[in-house]
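**Student:** I'd like to go over a predicted model; first the sequence, then the structure.
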Amino acid sequence: MINDKILHESYLDVENQFTQGQLELTLGVNEYFLMGDNRKVSNDSRGSINSQTDVADNPWTITDKDIIGRAFLRWWPLNKLSFISIPTYNINSKL
């Protein structure tokens, strides 16, 4: 969920959708929390959450100044070599 709205991620494999429960975080202005699409084994922003406080420790949250581009090609595994489309998120539906 983002801002109390469901984020549908149909591009995720069913086995990778729910891996670590739910967590509520408030990010600062121009701060981003990153999640990989292979959620069971991704080393992403979730690895920096302090389970006692539910607060992100800054090494894994980034600012807009840290974003230098976007992924456009999947090259591994080679049998899935393809261009990555930009997903459309429907975040208008509430729980």
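**Tutor:** In hand now; what should we look at?

**Student:** the one helix or strand in the chain whose mean pLDDT sits lowest: what's the following helix or strand?
**Tutor:** The weakest-scoring helix or strand in the chain, judged by mean pLDDT, DSSP states H and E, is strand 55-56 (a mean of 46). Using DSSP states H and E, the next helix or strand after strand 55-56 towards the C-terminus is strand 61-63.

**Student:** my guess is residue 83 contacts residue 72, does it?
**Tutor:** Yes: applying C-beta atoms under 8 Å, one finds residue 83 in contact with residue 72, separated by 6.2 Å. Placement of C-beta: from N, CA and C, glycine included.

**Student:** low-confidence ranges in this structure?
**Tutor:** 1-2, 6, 9, 11-23, 36-60, 89-95 (pLDDT under 70).

**Student:** could you rerun that using 80?
**Tutor:** The chain contains residues with pLDDT under 80 at 1-26, 33-62, 87-95.

**Student:** give me the contact list for stretch 72-80.
**Tutor:** Stretch 72-80 has contacts (C-beta atoms under 8 Å, 6 or more residues apart in numbering) with 81-84.

**Student:** looking at those residues, which is nearest residue 66?
**Tutor:** residue 84 (19.7 Å; C-beta to C-beta).

**Student:** neighbours around the closest one, how many?
**Tutor:** 12 (other C-beta atoms under 10 Å).

**Student:** same check, this time on residue 34
**Tutor:** 13.

**Student:** you'd agree it is up against residue 62?
**Tutor:** Yes: taking C-beta under 8 Å as the definition, residue 34 is a contact partner of residue 62 at 6.8 Å.
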